[in-house]
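**Student:** model the structure of this input:
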Amino acid sequence: MHRLFRAALRPVTYSRWVHLCVPILMLAVWMFIEPAAPWVPLVLVIPLGLLPWMRVAEGLQAQFLLAPSERTVRGRGEEPGEHSFSTVGSQTWSDRWRTLLWLEIRLVVSLATMMATVWLPVLTVQLVTAGLGSRVTQENVIPAGFPVWAAWALAPLPPVLLIVLVVLLGDMITAIARRLLGPSAAERLTALEARTEQLLERTRIARELHDSIGHALTVAVVQAGAARAAGDPEFTDRALSAIEETGRAALEDLDRVLRVLRESGQRPSQRPTLVEADRLFESARASGAVVDAQLIGPLDKLPDPVSQEGYRILQEALTNVLRHCGPVPVKVRIGMVADRLDLEVTNPLPDRPSVITGGGTGLRGMRERAALLGGNTETGPYKGGWRVRTRLPLERIR
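**Tutor:** Below is the predicted model of the structure:
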């Protein structure tokens, strides 16, 4: 009884009632034309169910009337393709047959709803009329001489029964709709691919922000600390220049990423490549690190994805050196061989380093970048120091 009372107060009960009553219009028109053949509408909907756009119309009706709360909640940032009901046209014959079966079942359930919606209120009126002692007409189902007390006692039952039937029929038709109008396997696969692409794009943007902004902030912190400790106006001027240059580059990266987020479908502008690695070396040197860089091979011939991801891996490696070890000597080896790019960054560890040995966000980001290109990144202690070693294949990228 408590569940029935709650169901009677839920708006979705009445929106489902409306959904159940919509086919009654078609049935009522046909019954006016030919009342002796009520089965004809079941035949008339067969060609309609095979039309691709009919699935769209039925899916939208079910979405708005059978489960409006799901649509409201998911509309606040849901991912495409997660609705319980399909809103695209029939792609296969399986979709067409499911849509046709849905239309046939909907007509039958609608007929039952029509009978209950019409006759149960009529019965209530007749019981009230009998309770008032009015004359019973020939069409009245209440027999003559029906006790007044019984009429008043039974009068509330038809409305209650009507609500029960509407709730049960609404739940049943919703469950059937989820089964017959739900997304097909192909639609679910398409939605999953779109979701995966979106997650990959979010991860890529997060890595871009972490590497570029993290590098700029690390350089700024190291430079500011060194300038304060040095107490030399000339050194302070150089430090401020380095902070300004690094901050300007970070702002350019931030503006590029935000432009992609603001404008749907916007292609990201040109990202830095290993050809611009000198900018990272100069930034590290300005922070006090002694960078020994060795570049082997024509880096300008590298495929753009390899060169761009290699730049970010190098940037993160130098950032980690400055952040966790301070201005220590750094050896960088970047070599382009026949079928791969080798990138290695090594540095000694100070007495009390704060190197992340378990794999922080930056280390994980470097591994993810390499894995996306079919390569790998190894990080860890090496000959009393720390090494970042990355290998990126070239052939499969080309």
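**Student:** so where do the strands sit in this protein?
**Tutor:** Taking DSSP state E, the strands of the chain run over residues 291-296, 330-336, 340-348, 376-382, 385-393.
**Student:** now those strands in CSV, with mean neighbour count, mean pLDDT and distance to residue 279?
**Tutor:** Every C-beta, even on glycine, is put in place using the N, C-alpha and C of the backbone. Output for the strands of the chain, formatted as CSV (neighbours: other Cβ atoms under 10 Å; pLDDT from 0 to 100; distance: least, Cβ to Cβ, whole Å):
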stretch, mean neighbour count, mean pLDDT, distance to residue 279
strand 291-296, 14, 91, 12
strand 330-336, 19, 92, 13
strand 340-348, 21, 92, 16
strand 376-382, 16, 90, 21
strand 385-393, 20, 92, 19
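**Student:** to residue 131, which of these lies closest?
**Tutor:** strand 376-382 (85.1 Å; Cβ to Cβ).
**Student:** returning to what we had before: out of the strands of the chain, which comes closest to residue 160?
**Tutor:** strand 376-382 (68.9 Å).
**Student:** who does that closest one pair up with?
**Tutor:** Using DSSP bridges, the strands paired with strand 376-382 are strand 385-393 (antiparallel).
**Student:** which residue sits farthest out from the middle of the protein?
**Tutor:** residue 145 (66.3 Å; Cα atoms, centre = their mean).
**Student:** what about that residue, distance to residue 156?
**Tutor:** 22 Å (Cβ to Cβ, to the nearest Å).
**Student:** need the helices for this structure, in chain order.
**Tutor:** Under the criterion DSSP state H, the chain contains helices at 2-9, 11-21, 24-33, 40-49, 52-61, 68-74, 93-131, 148-154, 157-180, 185-230, 233-262, 277-286, 304-324, 361-372.
**Student:** quick one, which of those is packed in tightest?
**Tutor:** helix 304-324 (a mean of 23; mean count of other Cβ atoms under 10 Å).
**Student:** residue 330 is in contact with residue 318, correct?
**Tutor:** Yes: in terms of Cβ atoms under 8 Å, residue 318 counts as a neighbour of residue 330; the distance is 6.9 Å.
**Student:** now list whatever residues contact both of the two.
**Tutor:** By Cβ atoms under 8 Å, 6 or more residues apart in numbering, residue 318 and residue 330 have these common neighbours: 284, 289, 291, 345.
**Student:** got those residues as TSV, with distance to residue 62 columns?
**Tutor:** Output for the shared contacts of residue 318 and residue 330, formatted as TSV (distance: Cβ to Cβ, whole Å):
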residue	distance to residue 62
284	60
289	63
291	64
345	57
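**Student:** pick out the most distant pair among these.
**Tutor:** Most distant of the shared contacts of residue 318 and residue 330, by Cβ to Cβ, are 289 and 345, 11.1 Å apart.
**Student:** shared neighbours of the two, which are they?
**Tutor:** By Cβ under 8 Å, 6+ apart, the residues touching both residue 289 and residue 345 are 318, 321, 330.
**Student:** for residue 277, see how far away the closest residue in space to the first one that isn't next to it in sequence is.
**Tutor:** When you say that, I think you mean residue 318. In space, and not counting its chain neighbours, residue 318 is closest to residue 284: 5.0 Å by Cβ to Cβ, 6 or more residues apart in numbering. Distance, residue 284 to residue 277, by Cβ to Cβ: 11 Å.
**Student:** tell me how the chain divides into domains.
**Tutor:** 2-183, 192-393 (automatic domain parsing).
**Student:** re the thing from before, looking at the strands of the chain, which is nearest to residue 232?
**Tutor:** strand 291-296 (21.3 Å).
**Student:** what does the closest one rub up against?
**Tutor:** 277, 281, 284-285, 318, 329-336.
**Student:** what's the closest of the residues you listed to residue 92?
**Tutor:** residue 336 (48.8 Å).
**Student:** apart from its neighbours in sequence, what residue is nearest the closest one?
**Tutor:** Closest to residue 336 by Cβ to Cβ, 6+ apart is residue 297, at 3.1 Å.
**Student:** how near is the one you found to residue 339?
**Tutor:** 12 Å.
**Student:** so residue 346 is in contact with residue 384, correct?
**Tutor:** No: if you go by Cβ under 8 Å, residue 346 and residue 384 don't touch, sitting 10.2 Å apart.
**Student:** contacts for stretch 64-73, please.
**Tutor:** 11-12, 15-16, 18-19, 63, 83-85, 170, 173-174, 177.
**Student:** for it, list the C-alpha coordinates in CSV.
**Tutor:** Backbone C-alpha positions of stretch 64-73 (Å, rounded to 0.1, in the frame of the first residue of the first chain) are rendered in CSV as follows:
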residue,chain,number,x,y,z
PHE,A,64,10.5,11.6,-22.7
LEU,A,65,7.5,9.8,-21.2
LEU,A,66,8.7,6.4,-19.8
ALA,A,67,11.9,7.5,-18.1
PRO,A,68,12.1,11.3,-18.0
SER,A,69,14.1,11.4,-14.8
GLU,A,70,17.0,9.4,-16.5
ARG,A,71,17.0,12.0,-19.3
THR,A,72,17.1,14.9,-16.9
VAL,A,73,20.0,13.5,-14.8
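**Student:** identify the residues contacting residue 215.
**Tutor:** 246, 250, 280, 283, 315, 316, 318, 319.
**Student:** least trustworthy helix or strand in this structure by mean pLDDT?
**Tutor:** helix 68-74 (a mean of 60; mean pLDDT, DSSP states H and E).
**Student:** excluding its backbone neighbours, what's nearest residue 167?
**Tutor:** The nearest residue in space to residue 167 (Cβ to Cβ, 6+ apart) is residue 7, at 4.5 Å.
**Student:** distance check, the one you found against residue 15.
**Tutor:** For residue 7 relative to residue 15 (Cβ to Cβ), the value is 13 Å.
**Student:** ditto for residue 229
**Tutor:** Residue 229 is 70 Å from residue 15, by Cβ to Cβ.
**Student:** equivalent analysis for residue 112, please.
**Tutor:** Taken as Cβ to Cβ, the span from residue 112 to residue 15 is 18 Å.
**Student:** again, but for residue 86
**Tutor:** 19 Å.
**Student:** quick revisit: which of the contacts of stretch 64-73 sits closest to residue 373?
**Tutor:** residue 83 (35.3 Å).
**Student:** thought residue 109 was touching residue 171?
**Tutor:** No: counting by Cβ under 8 Å, residue 109 does not reach residue 171; the two are 11.4 Å apart.
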